[in-house]
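S.K.: fold the following for me, if possible:
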Amino acid sequence: EVQLVESGGGLVQAGGSLRLSCAASGFTFDDYAIGWFRQAPGKEREGVSCIGSSDISTYYADSVKGRFTISSDKAKNTVYLQMNSLKPEDTAVYYCNANRFFPKLTDYWGQGTQVTVSS
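M.R.: You can find the predicted model right below:
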């Protein structure tokens with residue numbers, strides 16, 4: 001059974017930090033890029049950060065550059081999102097996504113973890 005389990009969300013004051021974890025199982029972790037998305041109330045889901053299957057390439061949305069860091073521990077099949085200098089506008093449900101394009105487009109989603117940043 002494919003599973004992506006997010007954890008680490010919570011309530012934090014502006015300027016604080018949180019580290020999200022995405023633990024993967026049920027598929028070949030090394031073959032997939034892993035991304036973090038978020039969705040705030042009344043807004044569309046947006047990409048926050050992702051890391052390639054080789055761990056060489058990373059991507060950050062402009063809104064989080066310099067504050068968030070994505071990393072991968074292949075021994076644990078886990079991807080982390082370290083979030084520093086949090087702002088109230090970072091408040092959202094954060095979702096983990098695993099995706100690959102070959103041999104066919106495949107992606108999986110976690111259930112999400114709530115991050116709330118108070119001002």
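
S.K.: so who does the residue most central in space within the chain touch?
M.R.: In the chain, the C-alpha closest to the average C-alpha coordinate belongs to Trp36, at a distance of 2.6 Å (CA atoms, centre = their mean). Applying CB atoms under 8 Å, 6 or more residues apart in numbering, we find Trp36 in contact with 20, 22, 47-50, 70, 79, 81, 94-97. Placement of C-beta: from N, CA and C, glycine included.

S.K.: which residues are in contact with the host helix or strand of Tyr95?
M.R.: Counting by DSSP states H and E, the element that carries Tyr95 is strand 92-100. Strand 92-100 is contacted from outside by 4, 6, 9, 20, 22, 24, 27, 29, 31-40, 43, 45, 48, 50, 53, 79, 81, 105-115, using CB under 8 Å, 6+ apart.

S.K.: mind checking how far the nearest residue to Gly26 once chain neighbours are set aside is from Thr113?
M.R.: Take Gly26 and drop its neighbours on the chain: the residue closest to it by CB to CB, 6 or more residues apart in numbering is Val2, 3.8 Å away. Separation of Val2 from Thr113 (CB to CB, to the nearest Å): 18 Å.

S.K.: please say which of the two ends up with more neighbours.
M.R.: Residue environment comparison for Val2 versus Thr113 gives the larger neighbour count to Thr113, 21 against 11, counting by other CB atoms under 10 Å.

S.K.: okay but the more buried one is in contact with Gly8, surely?
M.R.: Yes. Using CB atoms under 8 Å, Thr113 makes contact with Gly8 at a distance of 6.4 Å.

S.K.: so for those two, which residues contact both of them?
M.R.: By the contact definition CB under 8 Å, 6+ apart, Thr113 and Gly8 are jointly contacted by Leu20.

S.K.: can you list the buried residues in the helix or strand the residue nearest to the centre of the chain falls within?
M.R.: Under the criterion of DSSP H and E, Trp36 resides in strand 33-39. Of the residues in strand 33-39, those buried under the neighbour-count criterion (16 or more other CB atoms under 10 Å) are Ala33, Ile34, Gly35, Trp36, Phe37, Arg38.
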